[in-house]
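Asker: Have a look; sequence and predicted model below, questions after that.
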Amino acid sequence: MTWSRRGILVTAVAMIAAQLAFRAWATYGSWYHYDDFNFMARMAGAGPSPTAALEPYIGHLMPGGMYLSWLADALAPYDFRVTATMLLVLQAGAAAALLWMLVRMFGWRPGILPPLAFYLFSVITTPVAIWWAAGVNQLPWHIALFAGLGTHATYLRTRRLRYALLTVAWSAFGLAFFEKTILLFGAVAFLALAYFASGTPGVRAVTVLRTYARGVVVYAVALGAYLLAYVTTALDFDPGAATDGSLAEVAWNMVGRGYLPSLAGGPLRWHYLDQAAFPDPVSAVRWASVLAAGLVIWEIRRARTRSLRAWLLPLGFVAANILLITAGRVTYLGTIVSLDYRYQGELAAVTAIALVLAVLPVRGAVEPVEVRRPSALLDHPRRVAVAVVVPVALALASSTLFVRHWQTHDPGQAYFAHLFAALDAATEPLVLDDTTVPEVVMGAYSYPDNTLSHLLTAYGKDVSFPDAAIDAVATVTDDGRVVPSVITPLEQAPPGDEQDCGYRVADRPRTIPLDPTGLEPGPEARWNARSWVRIGYLSSGTSPVSVEVGGETISATIVRGLHALYVRTPLVADRAAHEPVGSVTISGLAGGAQLCTDDVTAGPLAPADPAGAADGDGAGS
């Protein structure tokens, strides 16, 4: 069968269209998750500020991703259709960049179609296609990898410096989204040493340095400048931790349970943990994947010269991923995190590149791949088609299982659906406790971006988070419902000294002591929850008032009659720490107003009816 250029292009475009259709279903049916809220909260509060965009996030330096998060939130807050469209555009860009690279490096040959199919439908890329935080890192990195290698190969072939500069430009694009793009320079070095030089490793290195001296200098300066900037501003882990005792388990998780099964369309079975899904292939799938990959590599080696060196590229990336995850994530999250495909999302891209390098000659290469002998696989298009279609179909099955679980187990979507429903139903702005959201929605490490005031910046007209309020402050339950609140009384004032009044406050400050009640914050208390002081009072008139508590003075207003003043303190009262309030000083009454109080308590706010809140009952405030 003879393939025309048009036939190859039509087939490639059809595959890309099919992939985008599948990814559109997967992505538009998803919603925001975990780190996504951090990005939006940070940028919504700071606006398009370079300082906020350049602030590291758990070791990530990603101003491009922060700005796209800001743009999506500015266009339509919490409308995932905008974000999903951005992800789909990035996915289309990565697919187009791969096709361009394949044609640029190998020409219009049918052999470029199998690696294209492998990348497009690999299960490894599914999580990064539907989760914003993962996709906004990985997909620009994929674009930079494909486009950068394409321009670099052109530089190696033509020795024109502008192509080396274009490679640096693509690396800068990728680095704006993901620091891992520095691995592009490793791929750049590999391509030059493996295919554009010959001899021993030392001789190859000398040849590359002499032949491409200007390009080497350009690459070295770019890489050195970025590494210096990253290490001094964003590096938040000890690289030496990569050699700790968990290295073997991480390697097994990432290779034995994750990467190798994906080569043949696995894992086909997942271990579900909340919204996450980790590859959990049965042993038969693992061994079948190893056998299938081994047979393909062996047949390519039998039929093509210089093919084995191509597999050094994914091996290098696998090793880098194992070391990076062991040092940078396992310390905080445990070894289970090494099962997450997002931490090796580029391996589908790198494996596709290795596959084509093993089979086809790079244009202009000093040591190109050549036909050694006829192949029972490579010379038979129908057999190649079967070898491509079967793992693609299995990969789609694996991806579908992942996507369906992801779409139906998002705690953040359910939480915010209830919260936004309360905002829409309210006839006046809600007065809320500025508490943190549940940890299944955002981690405690995100403070203060995981507070409601940071997450609801776009809803300033619908909600307020005052330091003082009269009679009621609502709270948000773990499932996102807005309900009336009460103070958990960790401290309480003893009876006052005046009969029928308790503590009288007039034109002079009055300090009211608070004694512990013996209660402590329960396990349901949110991290970084603040103590509130509730002052139940009877006032002779409306007046400004100042309340000094926890080293801060809060200005408020009391109104005539029997009411309660709620004052938010800066003191923490969560499950890990309880900073006692100790006393409250009331002052600043004007116009002859007086108040009496014998009802002063302090502690964190809790739903007034926990049982009703848990059942979905309880009204808004």
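Answerer: Nice, thanks for sending it over. Numbers count the residues shown, from 1 in each chain.

Asker: Please name the nearest non-neighbouring residue to Thr351.
Answerer: Computed as C-beta to C-beta, 6 or more residues apart in numbering, the closest residue to Thr351 that is not its neighbour in sequence is Pro314, at 5.0 Å. From N, CA and C alone the C-beta is placed, and that goes for glycine too.

Asker: For the one you found, the count of nearby residues, please.
Answerer: Around Pro314 there are 22 other residues, counting by other C-beta atoms under 10 Å.

Asker: List the contacts of Ser338.
Answerer: Glu249, Val250, Asn253, Met254, Gly258, Ile322, Ile325, Thr326, Arg329, Val330 (C-beta atoms under 8 Å, 6 or more residues apart in numbering).

Asker: can you rerun that using 6 Å?
Answerer: The contact partners of Ser338, by C-beta atoms under 6 Å, 6 or more residues apart in numbering, come to Val250, Asn253, Met254, Ile325.

Asker: Shouldn't the second one be within a strand?
Answerer: By that I understand Asn253. No. Using DSSP: H, G, I helix; E, B strand; the rest coil, the assignment for Asn253 is helix, not a strand.

Asker: how close does it get to Tyr34?
Answerer: 20 Å (C-beta to C-beta, to the nearest Å).

Asker: just the first one next, same as before
Answerer: Counting by C-beta to C-beta, the gap from Val250 to Tyr34 is 21 Å.

Asker: what about the residue nearest to Thr351, helix or strand, and which?
Answerer: helix 312-328 (DSSP states H and E).

Asker: Just the mean pLDDT for that helix, thanks.
Answerer: The predicted model assigns helix 312-328 a mean pLDDT of 95.

Asker: Other residues contacting it?
Answerer: 59, 190, 237, 239, 241-242, 247, 250-251, 254, 338, 343-344, 350-351, 354.

Asker: Tell me which entries of these lie within helices.
Answerer: Judged by DSSP state H, the subset of the contacts of helix 312-328 located in helices is Phe190, Leu247, Val250, Ala251, Val350, Thr351, Ala354.

Asker: so the last one makes contact with Ala310?
Answerer: Yes. Ala354 is within contact range of Ala310, at 4.6 Å (criterion: C-beta atoms under 6 Å).

Asker: Spatially central residue for the protein, please.
Answerer: By C-alpha atoms, centre = their mean, the chain has its centre lying nearest to Ala133, at 3.0 Å.

Asker: Excluding chain neighbours, give the residue nearest to that one in space.
Answerer: Nearest non-adjacent residue to Ala133 (C-beta to C-beta, 6+ apart): Asp35, at 3.6 Å.

Asker: re the thing from before, could you give the separation of the helix holding Pro314 from the chain centroid?
Answerer: Mean C-alpha position of helix 312-328 versus that of the full chain (C-alpha atoms, centre = their mean, to the nearest Å) differs by 20 Å.

Asker: Send over it as PDB, restricted to the C-alpha atoms.
Answerer: Extracted C-alpha coordinates of helix 312-328, given in PDB (Å, rounded to 0.1, in the frame of the first residue of the first chain):
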ATOM      1  CA  LEU A 312      17.200   5.600  26.200                       C
ATOM      2  CA  LEU A 313      15.000   8.700  25.900                       C
ATOM      3  CA  PRO A 314      11.900   7.400  27.900                       C
ATOM      4  CA  LEU A 315      14.300   5.500  30.300                       C
ATOM      5  CA  GLY A 316      15.900   8.800  31.100                       C
ATOM      6  CA  PHE A 317      12.600  10.500  31.700                       C
ATOM      7  CA  VAL A 318      11.300   7.600  33.800                       C
ATOM      8  CA  ALA A 319      14.400   7.900  36.000                       C
ATOM      9  CA  ALA A 320      14.100  11.700  36.300                       C
ATOM     10  CA  ASN A 321      10.400  11.300  37.300                       C
ATOM     11  CA  ILE A 322      11.200   8.700  39.900                       C
ATOM     12  CA  LEU A 323      13.900  10.900  41.500                       C
ATOM     13  CA  LEU A 324      11.800  14.100  41.300                       C
ATOM     14  CA  ILE A 325       8.700  12.500  42.900                       C
ATOM     15  CA  THR A 326      10.700  10.800  45.600                       C
ATOM     16  CA  ALA A 327      12.400  14.000  46.600                       C
ATOM     17  CA  GLY A 328       9.600  16.500  46.000                       C
END
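
Asker: Sort out which residues of that helix are buried, please.
Answerer: Within helix 312-328, the residues that count as buried by 16 or more other C-beta atoms under 10 Å are 313-314, 316-318, 320-328.

Asker: Same question for stretch 177-195.
Answerer: 177-185, 187-195.

Asker: Now for Leu184: which residues touch it?
Answerer: Leu145, Gly148, Ser171.

Asker: got JSON lines for these, with neighbour count and distance to Pro484 too?
Answerer: Putting these into JSON lines (neighbours: other C-beta atoms under 10 Å; distance: C-beta to C-beta, whole Å) gives the following:
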{"residue": "Leu145", "neighbour count": "27", "distance to Pro484": "54"}
{"residue": "Gly148", "neighbour count": "27", "distance to Pro484": "57"}
{"residue": "Ser171", "neighbour count": "26", "distance to Pro484": "55"}
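
Asker: Having no further points to raise, I will conclude here.
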